[in-house]
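Predicted structure and sequence below. I'll ask about it afterward.
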2 protein chains.
Amino acid sequence: MSIERSWINWYYFDAEAGGIGLQFEEVVKTRRTVRKFAHKPVTDRILAKIVEMALHAPSSMNGQPWRFVIVRNRDTLRKLVELKNHFCPPEKQEFRADFILESPVVIFTCVERARSYDRGIENGILATANILLAARNEGLSGVYMSAYRLDKPEVARSIRDLLGIPPDFDPITIVPLGYPGEDPPEKTIPFHQDVISHESF
Amino acid sequence: MSIERSWINWYYFDAEAGGIGLQFEEVVKTRRTVRKFAHKPVTDRILAKIVEMALHAPSSMNGQPWRFVIVRNRDTLRKLVELKNHFCPPEKQEFRADFILESPVVIFTCVERARSYDRGIENGILATANILLAARNEGLSGVYMSAYRLDKPEVARSIRDLLGIPPDFDPITIVPLGYPGEDPPEKTIPFHQDVISHESF
């Protein structure tokens, strides 16, 4: 039998087998960003598994400061698109946020400041890295987006307003998720020899 | 046969089987931070595999701005300990950096500014998340440490001087690595229901 196992069919294959559980390296190597999604809902059960993986991320002083806001509401996401586009820097205009409305669900990762020990950004990103990998392990694909800009506090403030995030928490990342609706573009990884140096830079 | 498979023996078991490749969820759930390491060298071959996993991380505009400096030299690491302790905030004194000298090798993750699109920190942390997971997949355990403080440019500057990092690159993280020499302390993960909210915070 020779079924060509394209990237996208492979995803479906795994998802429909009910999360058979991939090898770690397979997950890392085949995780890709897509911005088109299939019209297939993402269940709360799968989101719970993904969030569980996020909770195993390391955090400063093991503070585990995370809170995850799961948004499906189209009005909220429309407002998110508007504000992300509004703050999109000129050099990133090819990655406008409109695609968010294609995704069935978005996970916002927030951190509590008191349990972040001045490492809220780091803690939030480490959890989000696990979300992106865990999504792939479930047959989903996500997009990494930031919920703040250090030079523009208005970005985080407008997301805070959008979701009702209290002042003691900060939004860190925004991950639109879904079953992929496109094959991702080619991606070339350099040889490790070309990016490693020994003892000094 | 009933061999008790403690966390630490499990690590050795996998490592000695030559990187049999664990399931993704197993890697995520059993990755732990330890600060004591076995007297067992980490080969360049294993470090190359770990760095390869880091290179599959997402990056802003797919800029892949990473460079990894692998340090085994004790003099360099002694200076690193000194400077990390010097800049250690009072509330983190229980996590002083002396343990770094126990580890056989340290990976510094740096990013090139021009290919980071103002997201150097994010890019560096996302690669480091993969390093920590890939390490566990190889039977190793690492410690996440930051190579900068936003409020203290002297931290990054002193690491830049230590490793000869050129001005167009920034050091982001420091990961001491080794085969674990202790069982990690207990870690409790909350139920996902307690950290998820729907539609708004």
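Happy to help now that I have it.

Could you find the closest non-adjacent residue to A:Ile70?
Leaving aside its sequence neighbours, A:Ile70 sits nearest to B:His198 (C-beta to C-beta, 6 or more residues apart in numbering or on different chains; 5.3 Å). (Each C-beta comes from the backbone N, C-alpha and C, glycine too.)

residue contacts, the one you found?
The contact partners of B:His198, taken as C-beta atoms under 8 Å, 6 or more residues apart in numbering or on different chains, are A:Val69, A:Ile70, A:Val71, A:Arg72.

Check the gap between the last one and A:Gly181 for me.
Think A:Arg72. Look at A:Arg72 and A:Gly181: by C-beta to C-beta, to the nearest Å, they are 17 Å apart.

Next, the distance between the ends of stretch A:85-105.
End-to-end distance of stretch A:85-105 (C-alpha to C-alpha, to the nearest Å): 18 Å.

gap between the residue nearest to A:Ile70 and A:Val71?
From B:His198 to A:Val71 the distance is 8 Å (C-beta to C-beta).

Give me the buried positions along stretch A:102-119.
Neighbour-count burial for stretch A:102-119 flags A:102-112, A:115-117, A:119 (criterion: 16 or more other C-beta atoms under 10 Å in any protein chain shown).

Need phi/psi at A:His170.
In this structure residue A:170 is Asp, not His. Main-chain torsions, A:Asp170, degrees, to the nearest 10: phi -130, psi 140.

Helix, strand or coil: sort out the closest residue to A:Asn62 other than its chain neighbours for me.
Leaving aside its sequence neighbours, A:Asn62 sits nearest to B:Lys187 (C-beta to C-beta, 6+ apart; 6.8 Å). Counting by DSSP: H, G, I helix; E, B strand; the rest coil, the backbone at B:Lys187 sits in coil.

Any idea how many residues pack against the residue of chain A found nearest chain B?
Distance from chain B to each residue of chain A (C-beta to the nearest C-beta) is smallest for A:Ala129, at 3.4 Å. Number of residues near A:Ala129 (other C-beta atoms under 10 Å in any protein chain shown) recorded here: 27.

related to what we said a few turns ago, what would the contacts of B:His198 look like in a markdown table with pLDDT, neighbour count and distance to B:Leu55?
A markdown table is the format used below for the contacts of B:His198 (pLDDT from 0 to 100; neighbours: other C-beta atoms under 10 Å in any protein chain shown; distance: C-beta to C-beta, whole Å):
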| residue | pLDDT | neighbour count | distance to B:Leu55 |
| --- | --- | --- | --- |
| A:Val69 | 98 | 24 | 31 |
| A:Ile70 | 98 | 19 | 30 |
| A:Val71 | 98 | 22 | 31 |
| A:Arg72 | 98 | 15 | 33 |
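
ok, so of those residues, who is nearest A:Thr30?
Closest approach to A:Thr30 among the contacts of B:His198 (C-beta to C-beta): A:Ile70, at 24.4 Å.

how much space is there between that closest one and B:Tyr144?
26 Å.

A:Gly63: what's it in contact with?
Listed by C-beta under 8 Å, 6+ apart, the contact set of A:Gly63 reads A:Glu112, A:Arg115, A:Ser116, A:Tyr117, A:Asn123.

Looking at these, which are in strands?
With DSSP state E as the criterion, strands contain A:Glu112 from among the contacts of A:Gly63.

ok, and which of the contacts of A:Gly63 reach chain B?
A:Tyr117 (C-beta under 8 Å from any C-beta of the partner chain).
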